[in-house]
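Q: Kindly generate the corresponding structure for this input.
(one chain, ligands or ions: 1)
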Amino acid sequence: MYNDYQQHLVRVLSEIREAGLYKNERVIVSPQGAEITLDSGQKVLNFCANNYLGLSANARLVEAAKKALDTHGYGMSSVRFICGTGDLHKELERKLAGFFGTEDTILYAACFDANGGVFEPLLTEEDAIISDSLNHASIIDGVRLCKAQRYRYANSDMNELEEKLKEAQAQRFRLIVTDGVFSMDGNVAPLDKIHELAARYNAMIMVDESHSAGVVGDTGRGVTELYNLKGKIEIITGTLGKAFGGAIGGFTTGKKEIIEMLRQRSRPYLFSNSIPPLVAAAGIRMIEMMTETNELQDKLHFNTGYFMEKMVKAGFDIKPTRSAICAVMLYDAKLSQEMAALLLEEGIYVTGFYYPVVPKGQARIRVQLSAAHEKEHLDKAIASFTKIGKQLNVIN
Ligand SMILES: *Cc1c(COP(=O)(O)O)cnc(C)c1O
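A: Below is the predicted model:
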């Protein structure tokens, strides 16, 4: 049997390769940061990590994690409701609720699980989920697991959202679902308008703050802060794997009855292990650091503004953004790969994205800014982009 199947896999894999869609992994041998070392020995500046606040190798987080290893050991060997709930898990849940101005929080192994486990316990075939077309894969999968009626609106298209809300009046409860920041363009969901429509058409809202928590809003509380809607959104999901330290872990935070129901019925919570205490301990320290000072957010906002301004001045076509994602538009798939490869030779690590990750003819290099970047890192990246951009006739 395996012979036939093996041949089948070899054929499909070579099709993926021939289509130029094969994903190769570069190996990093240093901690994650602005400057990293590849296994070839090459040192490069990293502009493609979700390390928005530069916390991935932060000394205070490492210290908190090490301390928790001594006081709480390595693993919990249980799901939360049997014997996997530690004091550190409870404290992190409280701290996250405090940070977002919500009532309660439930932790998951990843935001992929938070999104996978949020819809099915809360909604039935009598209800409606109205979802942005560019929502993250984990939201799409989570919606598939739920029996609610599904509606989809084009990315941030408020006319279409309104149409779908009208159609969904037939259902009992309605939930609008959107990413806070969309990862390919870096655009922010128009949560103010979504909130108005939700009020008019009697719907609840869920926002996935994975790319916006720690990043968007003056103090990094995400799109709910940007639009002054703190405490007014029923469900927020997010990750500890991006700005919040970059390790692992996800959460759902919001109305307390919703969180209570998820603790009873959410399958990835009930049937998957608790996060390690050391991750919870570092998460607690991370929230404390963000409550003490706004330094990292301020630096990230400065870096993003500085980079965007200089790149536009150099002649690049940049998508407008309010996040730390900067899409350098090239429109041509091959060009995006060529440019990323030449930039790597210059010591700038960025990734080119093209169809099917972005729409056809919308190829780009996605730059992600970080509070870990110093001005000289930004200047080096801008100089390299300018040099290679001229070489490839992207700019004059
Ligand atoms: C990264 C991301 C996730 C997944 O988060 P993990 O904690 O890595 O599973 C979910 N939603 C969005 C919008 C993301 O960007």
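
Q: What segments of this protein are helices?
A: 2-18, 59-72, 87-100, 111-116, 137-144, 158-167, 191-200, 223-226, 256-265, 267-270, 277-292, 295-313, 333-345, 375-391 (DSSP state H).

Q: Which one of the ones you listed lies nearest to the ligand?
A: If you check each of those against the ligand by Cβ to the nearest ligand atom, helix 111-116 wins as the nearest, at 3.2 Å. All C-beta atoms are positioned from the backbone trio N, CA, C, and that covers glycine.

Q: by contact count, what packs against the closest one?
A: With contacts defined as 3 or more Cβ pairs under 8 Å, 6 or more residues apart in numbering; DSSP states H and E, helix 111-116 has these neighbours: helix 137-144, strand 235-239, strand 250-254, helix 267-270.

Q: Let's have those in JSON lines, adding mean pLDDT, distance to N294 and mean neighbour count.
A: As requested, the helices and strands packed on helix 111-116 are arranged in JSON lines below (pLDDT from 0 to 100; distance: least, Cβ to Cβ, whole Å; neighbours: other Cβ atoms under 10 Å):
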{"stretch": "helix 137-144", "mean pLDDT": "98", "distance to N294": "30", "mean neighbour count": "18"}
{"stretch": "strand 235-239", "mean pLDDT": "98", "distance to N294": "19", "mean neighbour count": "28"}
{"stretch": "strand 250-254", "mean pLDDT": "98", "distance to N294": "21", "mean neighbour count": "27"}
{"stretch": "helix 267-270", "mean pLDDT": "98", "distance to N294": "32", "mean neighbour count": "18"}
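
Q: any chance of those in JSON lines, plus distance to the ligand?
A: As requested, the helices and strands packed on helix 111-116 are exported to JSON lines (distance: least, Cβ to the nearest ligand atom, whole Å):
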{"stretch": "helix 137-144", "distance to the ligand": "5"}
{"stretch": "strand 235-239", "distance to the ligand": "3"}
{"stretch": "strand 250-254", "distance to the ligand": "4"}
{"stretch": "helix 267-270", "distance to the ligand": "10"}
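
Q: how near is T178 to the ligand?
A: Look at T178 and the ligand: by Cβ to the nearest ligand atom, to the nearest Å, they are 10 Å apart.

Q: Which pLDDT value belongs to that residue?
A: The model reports T178 with a pLDDT of 98.

Q: What of P356?
A: 87.

Q: For it, give me the backbone phi and psi.
A: Main-chain torsions, P356, degrees, to the nearest 10: phi -90, psi 10.

Q: Could you give the number of residues near the nearest residue to it once chain neighbours are set aside?
A: Leaving aside its sequence neighbours, P356 sits nearest to L21 (Cβ to Cβ, 6 or more residues apart in numbering; 7.8 Å). Residue crowding around L21 was assessed by other Cβ atoms under 10 Å; the count is 12.

Q: how about N187, what does it touch?
A: N187 makes contact with 155-156, 181, 319-323, according to Cβ atoms under 8 Å, 6 or more residues apart in numbering.

Q: rewinding a little: D87 is nearest to which of the helices and strands packed on helix 111-116?
A: Of all these, strand 250-254 sits nearest to D87, with 17.0 Å by Cβ to Cβ.

Q: The closest one pairs with which strands?
A: Strand 250-254 has the following sheet partners, assigned by DSSP bridges: strand 104-108 (antiparallel), strand 235-239 (antiparallel).
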